[in-house]
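Q: no sequence on this one, just coordinates:
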């Protein structure tokens with residue numbers, strides 16, 4: 001059951017009239033939260049799970065928030081000026097965000113990304129007019145980081161690099177927006193905040209805000225359980241270049257999720273909740289449900305970084321019914 005406090009908070013959110021935006025960039029943030037229903041059946045009645053649906057951002061992901069903040073700070077500081085191009089490494093979502101922002105503000109955008117990212121992401125970025133430089137698919141996001149550094153070194157004066165893995169504006173925007181939105185949307189009743197680790201910006205920034213509001217809120221990060229994983233957008237920290245904005249000491253807990261369990265949860269969310277999401281959302285939901293099963297009471301909020309329309313041609317969905325039918329993937333937690 002939703003308590004009366006939370007019900008009033010959600011009612012206030014729903015009652016806000018849709019605003020008229022002057023720019024697509026004005027639509028970044030203020031994403032809705034959804035209470036998870038069927039998948040949460042069997043939990044204690046006093047345990048509730050909410051997902052913050054970041055796919056409602058105009059670029060389709062949570063990365064719109066830091067991308068816009070970093071570009072705005074670059075303009076404010078003078079590091080991004082007329083005649084310069086924006087460049088950064090990305091697994092896809094930040095690239096889409098930067099391509100969109102560059103198009104609106106009039107800056108050329110070049111993006112370094114592994115060549116095996118989903119076809120949908122490549123096509124969206126190309127449709128927005130950005131140039132793509134492909135890195136070795138076997139080197140993942142770290143390979144894109146290294147190649148981007150090389151391109152930048154060869155022509156430093158040409159580019160502004162937001163540098164999402166090391167730019168403090170990344171967690172700062174989640175401290176300023178994502179954290180306050182979640183706290184407000186749950187009427188301050190949140191007890192657990194769960195988010196995946198990509199750059200670390202979401203978990204660091206929103207987690208810091210929530211801890212300041214209530215130190216008893218547990219901040220829990222989610223990562224792949226192996227270096228060779230199929231969870232686009234997430235980093236296995238022990239085998240990766242650790243982002244400069246990431247501080248593991250700020251976490252209460254870190255949970256490792258297998259690719260198989262994340263995929264299985266993606267299928268559950270589609271079939272049971274009508275939510276088509278990406279792999280990282282599946283991992284976050286699996287971890288959240290694992291925590292929820294141990295609780296007698298609590299309000300858990302996780303972040304679904306994007307929707308799943310950008311992954312329909314990936315291994316996530318290829319033969320998914322066969323995977324289910326032969327029992328390679330199951331829905332147990």
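A: Yep, it's here. Computed from a prediction, not measured in an experiment: that's the story for all the values here.
Q: and the strands in the stretch 201-333 of the chain?
A: Secondary structure of the stretch 201-333 of the chain (DSSP state E, counting those that start in this stretch): strands located at 218-224, 253-257, 297-304.
Q: which one of those lies closest to residue 202?
A: Set against residue 202 and scored by Cβ to Cβ, these come closest in strand 297-304, at 5.8 Å. Backbone N, C-alpha and C define where each C-beta goes, glycine included.
Q: need phi/psi at residue 135.
A: Dihedral pair for residue 135: phi -110, psi 170, per degrees, to the nearest 10.
Q: and it, how far from residue 147?
A: From residue 135 over to residue 147 the distance is 4 Å, taken as Cβ to Cβ, to the nearest Å.
Q: same deal with residue 309?
A: In terms of Cβ to Cβ, residue 309 sits 27 Å off from residue 147.
Q: more neighbours: the two, which one.
A: residue 147 (19 against 14; other Cβ atoms under 10 Å).
Q: sorry, back to before: could I get the strands of the stretch 201-333 of the chain in TSV, plus columns for mean pLDDT, mean neighbour count and distance to residue 120?
A: Formatted as TSV, the strands of the stretch 201-333 of the chain follow (pLDDT from 0 to 100; neighbours: other Cβ atoms under 10 Å; distance: least, Cβ to Cβ, whole Å):
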stretch	mean pLDDT	mean neighbour count	distance to residue 120
strand 218-224	95	23	21
strand 253-257	95	18	23
strand 297-304	98	23	17
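Q: show me the helices in the stretch 151-300 of the chain, by range?
A: Using DSSP state H, counting those that start in this stretch, the helices of the stretch 151-300 of the chain run over 169-173, 179-185, 201-213, 259-268, 279-292.
Q: would you format those helices as a markdown table with mean neighbour count and distance to residue 253 included?
A: Formatted as a markdown table, the helices of the stretch 151-300 of the chain follow (neighbours: other Cβ atoms under 10 Å; distance: least, Cβ to Cβ, whole Å):
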| stretch | mean neighbour count | distance to residue 253 |
| --- | --- | --- |
| helix 169-173 | 25 | 18 |
| helix 179-185 | 20 | 18 |
| helix 201-213 | 24 | 11 |
| helix 259-268 | 22 | 17 |
| helix 279-292 | 26 | 8 |
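Q: I'd like those as CSV, with mean pLDDT appended.
A: Converted to CSV, the helices of the stretch 151-300 of the chain look like this (pLDDT from 0 to 100):
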stretch, mean pLDDT
helix 169-173, 97
helix 179-185, 98
helix 201-213, 98
helix 259-268, 94
helix 279-292, 96
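Q: what's the closest of these to residue 87?
A: Of the helices of the stretch 151-300 of the chain, nearest to residue 87 by Cβ to Cβ is helix 169-173, at 16.1 Å.
Q: check which helices and strands that closest one is in contact with.
A: Using 3 or more Cβ pairs under 8 Å, 6 or more residues apart in numbering; DSSP states H and E, the elements in contact with helix 169-173 are helix 64-77, helix 201-213.
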